[in-house]
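Asks: Attaching a predicted model along with its sequence, questions to come.
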Amino acid sequence: MSMNYNDFFQGCVDKVKSEGRYRIFANLERKAGEFPKAIYRSPDGKVKEITIWCNNDYLGMGQHPKVIAAAKDAIDKCGTGAGGTRNISGTTKYVVELEESVADLHNKEAGLVLSSGYVANEGALGTIGKLLPECAIFSDAMNHASMIHGIRDSKQQKFIYRHNDLNHLEDLLKSVDVKRAKIIAFESVYSMDGDIAPIKEICDLAERYNAMTYLDEVHAVGLYGPRGGGVAEERGLMDRIDIIEGTFGKGYGAMGGFITGSAPIIDAVRCYASSFIFTTALPPAVSAAALAAVEHLKISNVERQKQRINVKLLKEILEGAELPYLRGESHIVPLIVGEPTCCKDVTDILMNDYNIYVQPINYPTVPRGTERLRLTATAAHSIEDVRYMANTLKELWQNHHVLKKAA
Ligand SMILES: *Cc1c(COP(=O)(O)O)cnc(C)c1O
């Protein structure tokens, strides 16, 4: 009998459903100027105002007047689309300035803008890995899917070291011929646990074993360092990292990704990376918005300070209530539920009864048994928003038997 393709794919979806990890996306309409408030449309057609607690627009730059004005101005002057790949016709003045801006941000010779942070990681690691003959790539076990896919794409030998485990990393580095080319690929802020890598110690190892360093600062650019250059800037380590990668989609409130580094490395990625060469450039409005956000956060500390105050207050109330959150150094506050259906239930209660939107984080994003709420207090939340959220969680954890059971 011939195969029924629809039945086959429905079976694939049913498998996800049976494991309790089928995702329904919340239909939201952000209100510019009032974020983190948004309009929510529920599957049964109800409409209401909610507060978002799981967004990566950490500093509210997606609604900053300067950023909005820059995007509008670019549309008025240049229209909507870039109209081509960078190689053919898509290089606009905004992209050129954006590349200069990120190179300056990280104090590097050159920068390259790609479609997203995902594409930047995949393209850069894939290309750099492929170009280096017999290269060995050392990858943190918790690295983002985009880095994993880039490393796979390089078709080089890969060594996975236990998350942030320097001894394990050194053992693996030692196991490889000293003369071989090496890359250590890692993140600064790990977005699901909210912990931060020992960047200095990893750089020390890289120096000792003559490895290149590749650092994903996606959850840190804009937020850390005096000019928003990330954790490596804050710790005075940018010059020890060969390639710093980031996004305009999170702390900068726009979209797109980038890498920065020495001129030859960046030029090589520009010449060889398929995912850079064969895709349409970022449109003027998006690159102008990103540029305005990056430049603003080089000189303004207001947003960073506001966000830090909110994060601190959230952690303090959760701490006082003895709720099981992961005590990382970063701004990300993961609150562990530890079971997928309960995790979904608690987010449903928050949405239905308290007008709070948090997406449950389940496997495969995090390991089974560590299902969680990943809370992001942004610079745009008010002190009252933070108090309301933290006290609501406290109440839920005290009064709901489901949560007591899970804890
Ligand atoms: C989100 C994310 C990316 C991808 O960035 P996008 O711009 O959203 O494609 C890369 N690395 C990490 C660690 C991320 O969390």
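Replies: Great, that's in hand. Residues are numbered from 1 along each chain as shown.
Asks: gap between Thr92 and Cys78?
Replies: Here Thr92 is placed at a distance of 7 Å from Cys78 (CB to CB, to the nearest Å). For the C-beta atoms, the positions are set from N, CA and C on the backbone; glycine is no exception.
Asks: Overlap of the contact sets of these two?
Replies: Pro284 (CB atoms under 8 Å, 6 or more residues apart in numbering).
Asks: now Glu97, nearest residue through space, not along the chain?
Replies: Among residues not flanking Glu97 along the chain, Leu291 sits closest, at 5.6 Å (CB to CB, 6 or more residues apart in numbering).
Asks: now Gly62
Replies: Gly62 sits nearest to Gly253 (CB to CB, 6+ apart), 3.2 Å away.
Asks: which residues touch stretch 161-173?
Replies: 138-142, 159, 182, 184, 190, 195, 197-198, 201-202, 205, 208-209, 211.
Asks: pLDDT on it, on average?
Replies: Average pLDDT, stretch 161-173: 98.
Asks: Pull out the buried residues from that stretch.
Replies: Within stretch 161-173, the residues that count as buried by 16 or more other CB atoms under 10 Å are 161, 164, 168-170, 172-173.
Asks: and what of stretch 43-62?
Replies: 50-62.
Asks: how about CSV for these, with distance to the ligand, pLDDT and secondary structure added?
Replies: What follows is these, written out as CSV (distance: CB to the nearest ligand atom, whole Å; pLDDT from 0 to 100; DSSP: H, G, I helix; E, B strand; the rest coil):
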residue, distance to the ligand, pLDDT, secondary structure
Ile50, 23, 97, strand
Thr51, 22, 98, strand
Ile52, 17, 98, strand
Trp53, 17, 98, coil
Cys54, 13, 97, coil
Asn55, 12, 97, coil
Asn56, 7, 97, coil
Asp57, 12, 98, coil
Tyr58, 12, 98, coil
Leu59, 15, 98, coil
Gly60, 17, 98, coil
Met61, 14, 98, helix
Gly62, 13, 98, helix
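Asks: Now do the strands in the stretch 301-407 of the chain.
Replies: 332-336, 356-357, 360-361, 372-376 (DSSP state E, counting those that start in this stretch).
Asks: is the ligand contacted by the last one?
Replies: No: contact of strand 372-376 with the ligand is not found when judged by CB under 6 Å from any ligand atom; the minimum separation is 10.9 Å.
Asks: Run through who's touching that strand.
Replies: Contacts of strand 372-376 (CB under 8 Å, 6+ apart): 53-56, 58, 191-192, 314, 325, 331-338, 343, 346-347, 358-361, 366, 389.
Asks: again, but for the first one
Replies: Contacts to strand 332-336, defined as CB under 8 Å, 6+ apart, come from residues 189, 191-194, 219, 311, 314-315, 318, 323-326, 328, 361, 370-377, 393.
Asks: Which members of those residues occur in helices, if any?
Replies: 311, 314-315, 318, 393 (DSSP state H).
Asks: out of those, which one sits closest to the ligand?
Replies: Val311 (17.5 Å; CB to the nearest ligand atom).
Asks: Spit out the contact partners of the closest one.
Replies: Val311 neighbours (CB under 8 Å, 6+ apart): 331, 333, 377.
Asks: Could you identify the buried members of those residues?
Replies: Judged by 16+ other CB under 10 Å, buried ones among these: 331, 333, 377.
Asks: How about Arg86, nearest residue that isn't a chain neighbour?
Replies: Ala281 is the one closest to Arg86 (CB to CB, 6+ apart), at 5.0 Å.
Asks: so where is this structure shaky, pLDDT-wise?
Replies: 401-407 (pLDDT under 70).
Asks: Just list the residues touching the residue in it that the ligand sits nearest to, thanks.
Replies: The ligand sits closest to Gly117 of the chain, with a gap of 2.3 Å, by CB to the nearest ligand atom. By CB under 8 Å, 6+ apart, the contact list for Gly117 reads 146, 216, 218, 245-247, 249-250, 257.
Asks: tell me the contacts of Phe140?
Replies: To be clear, residue 140 is Asp; Phe isn't right here. With CB under 8 Å, 6+ apart, Asp140 has these contacts: 160-161, 163-164, 185-187, 197.
Asks: my bad, should have said Leu350
Replies: 356-358, 392, 396.
Asks: Counting neighbours, what do you get for the residue lying closest to Thr347 once chain neighbours are set aside?
Replies: Leaving aside its sequence neighbours, Thr347 sits nearest to Pro360 (CB to CB, 6+ apart; 4.6 Å). Residues lying near Pro360 (other CB atoms under 10 Å) number 24.
Asks: Pro360 contacts Cys343, correct?
Replies: Yes: at 4.2 Å, Pro360 and Cys343 qualify as touching, with contact defined as CB atoms under 8 Å.
Asks: Find residues that contact each of those two.
Replies: Between them, Pro360 and Cys343 have 337, 371-373 as joint contacts when contacts are counted by CB under 8 Å, 6+ apart.
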